[in-house]
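Q: this one's sequence-less:
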């Protein structure tokens, strides 16, 4: 009996030690790989911004240099004006949105993007030429069918014409809502007018597709086939971030030269 107990004890000891060694290796690998993972995430985000802004990139190695030509600024969404309260390089809007002290709760009809809380600050990206803003890229996010979709909307200097649009993080159904990543669908966005001449939101996603013969064609984008809820989510999130609760006040100040 004692011999059997001794064998069981040795087996358990070896098992525990093996688990501890594996845990140390996994934890150590996670710590060592974290800087590389964070770097890759940053490159992916910067690459998405460049693509949406219409800036061609040949390889990953070119991303940092080309991204340096873009000006980053933080906007206080409560006032619609630039602020130095936080660093544009280090600020994390996602984290801030979860902090009650750095965000505001959205309720009822305000929360059409289904994000629950909106951070007080947001980083915007500007392409400038001789002091004039040629394009402004704003971060947008909102709920689709299965996931919160995170992306960017690029507007021309008039702040009402789309220059580009796309997501860098989304978990919608492949082949259906996941078609938000389809280059052909994203190619429908440039040139569309998100605001009318009075700067009221006007973008529409007809189920039957945009009508090229309609005078409203410049405000229409084809809905995603078989993905009504994802399409509605995209429309809602764009409308929210262009409204008074999002970047609406900032864009108005930018047009007036008062940002």
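A: That came in fine, so what should we check first? Since the structure is predicted, the reported quantities are computational estimates derived from the model, not experimental observations.

Q: in stretch 54-62, what counts as buried?
A: residue 55 (16 or more other Cβ atoms under 10 Å). Placement of C-beta: from N, CA and C, glycine included.

Q: and it, average pLDDT?
A: Mean pLDDT, stretch 54-62: 87.

Q: show me where this protein has strands.
A: Along the chain, the stretches classed as strands by DSSP state E are 71-76, 81-83, 103-105, 117-119, 121-129, 132-143, 148-156, 162-169.

Q: Could you save these as a markdown table and add columns showing distance to residue 220 and mean pLDDT?
A: A markdown table is the format used below for the strands of the chain (distance: least, Cβ to Cβ, whole Å; pLDDT from 0 to 100):
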| stretch | distance to residue 220 | mean pLDDT |
| --- | --- | --- |
| strand 71-76 | 29 | 97 |
| strand 81-83 | 33 | 97 |
| strand 103-105 | 32 | 97 |
| strand 117-119 | 28 | 98 |
| strand 121-129 | 26 | 95 |
| strand 132-143 | 19 | 96 |
| strand 148-156 | 17 | 97 |
| strand 162-169 | 12 | 95 |
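
Q: With mean neighbour count added, can I get these in TSV?
A: Putting the strands of the chain into TSV (neighbours: other Cβ atoms under 10 Å) gives the following:
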stretch	mean neighbour count
strand 71-76	18
strand 81-83	15
strand 103-105	15
strand 117-119	20
strand 121-129	18
strand 132-143	20
strand 148-156	21
strand 162-169	21
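
Q: Between those strands, which one is closest to residue 25.
A: strand 162-169 (29.2 Å; Cβ to Cβ).

Q: Show me what the closest one is packed up against.
A: The contact analysis (3 or more Cβ pairs under 8 Å, 6 or more residues apart in numbering; DSSP states H and E) places strand 162-169 against helix 2-52, strand 148-156, helix 183-186.

Q: Most tightly packed of the ones you listed?
A: strand 148-156 (a mean of 21; mean count of other Cβ atoms under 10 Å).

Q: Show me what it packs onto, helices and strands only.
A: Using 3+ Cβ pairs under 8 Å, 6+ apart, strand 148-156 sits against helix 2-52, strand 132-143, strand 162-169, helix 228-241.

Q: and with 10 Å instead?
A: Helices and strands touching strand 148-156, by 3 or more Cβ pairs under 10 Å, 6 or more residues apart in numbering; DSSP states H and E, are helix 2-52, helix 93-97, strand 121-129, strand 132-143, strand 162-169, helix 228-241.
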